[in-house]
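sequence-free structure coming up:
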């Protein structure tokens, strides 16, 4: 039955979801610390 989910499937989905959230938060941290300062430096350099 497609509606019924076995608990281990549920746990697997939950783990995958949490991993995805963790990766996204890490990427956001990376953007904040790496990309944004580089963009600001580039802007200062251009103007």
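Done, it's in. The structure displayed is predicted, hence computed values, not measured ones.

Mean confidence (pLDDT) on stretch 11-27, please.
When pLDDT is averaged along stretch 11-27, the result is 90.

immediately after the longest helix belonging to the chain, which helix or strand?
Identified as the longest helix of the chain according to DSSP state H is helix 7-30. Downstream of helix 7-30, the first helix or strand assigned by DSSP states H and E is helix 36-46.

Quick check: the most centrally placed residue in the chain vs residue 34, distance?
The centre of the chain sits closest to residue 24, judged by C-alpha atoms, centre = their mean, with a distance of 0.4 Å. Noted for residue 24: a distance of 16 Å to residue 34, by C-beta to C-beta, to the nearest Å. Quick note: C-beta positions are derived from backbone N, CA and C, even for glycine.

follow-up on the earlier one: how far away from the center of its chain is the longest helix of the chain?
For helix 7-30, the distance from its own C-alpha centre to the chain's C-alpha centre is 8 Å (C-alpha atoms, centre = their mean, to the nearest Å).

Number of residues surrounding residue 19?
10 (other C-beta atoms under 10 Å).

what's the answer for residue 9, then?
Neighbours of residue 9 (other C-beta under 10 Å): 10.

And it, how far from residue 28?
From residue 9 to residue 28 the distance is 29 Å (C-beta to C-beta).

so what pLDDT did residue 8 get?
In this model, residue 8 is scored at 65, pLDDT.

Repeat that for residue 42.
So, for residue 42, pLDDT stands at 81.

try the one 5 residues further on
The per-residue pLDDT reported for residue 47 equals 63.

do the same with residue 4
pLDDT, read off for residue 4, is 66.

mind listing what residue 28 touches?
Residues counted as contacts of residue 28 (C-beta atoms under 8 Å, 6 or more residues apart in numbering): none.

roughly how far apart are it and residue 20?
Relative to residue 20, and taking C-beta to C-beta, residue 28 is found at 13 Å.
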